[in-house]
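S.K.: can't give you the sequence, but here's the structure:
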């Protein structure tokens, strides 16, 4: 269906972007223009902390503004792009919301965990970022990245080791599928339940086998065998 001329696609995009900016950005209606949002998020990507700080301080764009292109907050985008200076500016702002989600459900802590960003993970946790939540968790992302240090940090902050993502994938299953042998060993040593099954009734060992990771599958099987009580055999 075509759009009437006076409601062009560009006009509709502009209206949507302004609505996003008002809802999650600077606050007052009309405070963040499309041009300002464009400048702001370009600065986030370029790690131009000075411009980001100036625009927030001047009320042009709020610390929780959402990128009209990717739908991510500045905090998440800064982590994705490795913009450490911008991340520091946004994290230090008292109004920054740590739990804003990207369209795919990612939070800042999840992104930092996946990006091997230990300082950011520690800073977010110190600020009170939520570790455990329904569905995907930061521990799943650390396991997917094979980052043992962040995995340990999250576990030290009471991350639920057998958290179930959609399709009942646990962090152990994710690490096994991705071939991260060290992370698999760490999770097993810390008490991950290797007998759990996903929605396809596959264990972590079976998932590793299907992903052509036979060494990991064998290591998990050995771990399970060690934990299983010995068969006493028939009574004599």
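M.R.: That came through, no problem. Nothing here was measured: the structure is a model prediction, and the numbers come from that model.
S.K.: quick one, phi psi at residue 73?
M.R.: phi -70, psi 160 (degrees, to the nearest 10).
S.K.: hmm, it is touching residue 102, no?
M.R.: Yes. Residue 73 is within contact range of residue 102, at 7.5 Å (criterion: Cβ atoms under 8 Å). C-beta here means a position set from N, CA and C on the backbone, and glycine is covered the same way.
S.K.: with neighbour numbers in mind, choose between the two.
M.R.: Shown here are residue 73 and residue 102; by other Cβ atoms under 10 Å, residue 73 has more neighbours (27 against 19).
S.K.: which residues touch the more buried one?
M.R.: By Cβ atoms under 8 Å, 6 or more residues apart in numbering, the residues touching residue 73 are 24, 64-67, 97, 100, 102, 108.
S.K.: in JSON lines, list those along with pLDDT.
M.R.: JSON lines is the format used below for these (pLDDT from 0 to 100):
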{"residue": "24", "pLDDT": "41"}
{"residue": "64", "pLDDT": "97"}
{"residue": "65", "pLDDT": "97"}
{"residue": "66", "pLDDT": "96"}
{"residue": "67", "pLDDT": "96"}
{"residue": "97", "pLDDT": "98"}
{"residue": "100", "pLDDT": "97"}
{"residue": "102", "pLDDT": "97"}
{"residue": "108", "pLDDT": "98"}
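S.K.: filter those down to the buried ones, PyMOL style.
M.R.: Buried members of those, defined by 16 or more other Cβ atoms under 10 Å, are picked up in PyMOL with:
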select buried, resi 24+64+65+66+67+100+102+108
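S.K.: need the contacts of residue 73 in CSV (columns: secondary structure).
M.R.: Output for these, formatted as CSV (DSSP: H, G, I helix; E, B strand; the rest coil):
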residue, secondary structure
24, helix
64, coil
65, coil
66, strand
67, coil
97, coil
100, coil
102, coil
108, helix
